[in-house]
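K.L.:
I would like the atomic coordinates for the input below:
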Amino acid sequence: MTTQTHTRPAMPRPFPPSPRVDQKRKFARRARRADMLVMALWASGAAAAALFLAYGGAGQFGSLAETLTSLGIIAGLIGTDFILVMLVLAARIPAIDRTIGHDRAVAVHRSLGKPALYLLLGHGALLLVGYGMSEGINPIAEIGTMLALPDMPLAFIGMGLMIAVVVTSLVAVRRRFSYEGWHLVHLLSYVSVAFALPHQLSVGGVLAEGTAQRVYWIALYVIAFGAILTFRFIEPIVSSLRHRITVAGVSTIAPGVTSIHLSGRNLRALGTSGGQFFIWRFWTGRTWWHSHPISLSAMPTESSARITVRDLGAGSARISAVPRGTKVSIEGPYGLFTDAARTSPKLAIIAAGIGVTPIRALLEHAQFAPGEATILLRAGSQDETYLWDEIRDLAAAKGATCYVMVGHRSRTGPSWMSEADVQRGVTLQAAFPDLATSDLYLCGPTAWLDSVEADARATGIPSHQIHSERFDW
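P.N.:
Numbering: from 1, shown residues only. Next up, the predicted model:
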């Protein structure tokens, strides 16, 4: 491992010292907001069940058939509530993104998928048994009776669509899909929820007109679909029209790696922080149908921005060849892989491969005093040292220490390090002696990143001081 802090003539003069920020107080405020958000999410499910019990449901447990039916209704209400919560988490609402970050919101969204499906399947099974017992017929025959009710066929179709969405979201299944195919199937979740609403309002008296339950559930649907409409469609369209981003040029960084230079209007008004990403759509005949989540590789100026892309598939290869003048639409910025997530006075950064792109922007934007930041850049070979010159120059200008580590992964020590450095006795704590009082930012290939995280956790560093940016979906 070698230290690199030389300055290239093309870089600006050293950055002025950054103002002091109370990172612990800032983190405490964000943690309180996150706790309140989590409480609100769980409270919504409890409120759904409580409203049912408060408005007559508590008296519907007199017989086994009524008990099963009531439990089925409660399961359906909580399951539907979870689905609506999932839609809110997927809506990319700025307040949620700033509080828990895009990655955590998506993780919670995914974690609710199977419980929601199990509750909805339980809802259907319990109602079939409960209604069947009340009418003296078997549950299978009850299916025909239920399908004859208004809006119930739509509810059955919605259930089938939800099963398809959850099954394709399982990791083992998702890996068999292209991102485009998976995303298309995932959009069916909106349709499945919309199909479920009519039967809630027309079948039975649970959400009867004039009840608080009906008002509550209509409000939940309005919030969920309103958030999707506002932040996934209207706001990105308005932002794209306002900033008028186009491709100014494409430059090759290394074989298979290109930087796409962008021009636009008033780009600083996007409010971007270093380390964030946008969803980009390039309007050419070959690329318009596919959006790409890509981090900025440099902070925007008033009229320019830059992303750096590695060809990892047909989609990224196509956008690497878009012609100058191509119109670009955006969603974002997203993510909490930024200086705003800091909890500690010092900064530790480790990046590998194309993971240097958000790191480069993060380093440019982060606030720290000289000597408070340490960067380690990792590559398997010299061909993978993308943007390293720029990062080393930024480190020198801002008074950060920058190490580089090149070589094949170790087989005798932590697999994220090079074999040569392991043999020399290099360790994570040797490279970052102040790790316990630092925020650790990591970005790189998933397996490599998992290895770094495991090594970091073994040192005892708290989880809230580790910030990872993953490129999987």
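
K.L.:
going forward, measure contacts between C-alpha atoms and count neighbours the same way
P.N.:
Noted.

K.L.:
Strands of the stretch 151-300 of the chain, start to end?
P.N.:
Assigned by DSSP state E, counting those that start in this stretch, the strands in the stretch 151-300 of the chain fall at 245-254, 257-263, 277-282, 292-298.

K.L.:
how about stretch 439-458: buried residues?
P.N.:
Across stretch 439-458, burial judged by 16 or more other CA atoms under 10 Å covers 439-445, 448-450, 452-453, 455-456.

K.L.:
Work out the gap between that stretch and the centre of the chain.
P.N.:
In terms of CA atoms, centre = their mean, to the nearest Å, the centre of stretch 439-458 is found 18 Å from the chain centre.

K.L.:
repeat for stretch 222-233
P.N.:
Computed by CA atoms, centre = their mean, the chain-centroid distance of stretch 222-233 equals 17 Å.

K.L.:
Now tell me what touches it from outside.
P.N.:
Contact partners of stretch 222-233, identified using CA atoms under 8 Å, 6 or more residues apart in numbering, comprise 84-85, 87-88, 90-93, 331.

K.L.:
Compute the inter-axis angle for the helix or strand harbouring E390 and strand 292-298.
P.N.:
Per DSSP states H and E: E390 is located in helix 388-398. Calculated by axes from the mean of the first three to the mean of the last three CA atoms, to 10 degrees, helix 388-398 forms an angle of 50 degrees with strand 292-298.

K.L.:
list the helices and strands helix 388-398 packs on?
P.N.:
Secondary-structure packing of helix 388-398 (3 or more CA pairs under 8 Å, 6 or more residues apart in numbering; DSSP states H and E): helix 356-365, strand 401-406.

K.L.:
Same list (these) but as CSV, adding distance to A47, mean pLDDT and mean neighbour count.
P.N.:
Below are those laid out as CSV (distance: least, CA to CA, whole Å; pLDDT from 0 to 100; neighbours: other CA atoms under 10 Å):
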stretch, distance to A47, mean pLDDT, mean neighbour count
helix 356-365, 40, 96, 25
strand 401-406, 52, 95, 20
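
K.L.:
Output those as JSON lines; include the columns distance to S202.
P.N.:
Formatted as JSON lines, those follow (distance: least, CA to CA, whole Å):
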{"stretch": "helix 356-365", "distance to S202": "50"}
{"stretch": "strand 401-406", "distance to S202": "65"}
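
K.L.:
So which of those is nearest I391?
P.N.:
Among these, the nearest to I391 by CA to CA is helix 356-365 (5.8 Å).

K.L.:
Pull up the pairing partners for the helix or strand that that closest one is followed by, direction included.
P.N.:
Per DSSP H and E, the first helix or strand lying C-terminal to helix 356-365 is strand 373-379. Partners of strand 373-379 in the sheet, by DSSP bridges, are strand 346-352 (parallel), strand 401-406 (parallel).

K.L.:
In terms of residue numbering, what are the domains of the chain?
P.N.:
Domain ranges of the chain: 2-10+342-469, 23-238, 244-334, per automatic domain parsing.

K.L.:
now the strands paired with strand 373-379 as TSV including distance to L161?
P.N.:
Output for these, formatted as TSV (distance: least, CA to CA, whole Å):
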stretch	distance to L161
strand 346-352	39
strand 401-406	48
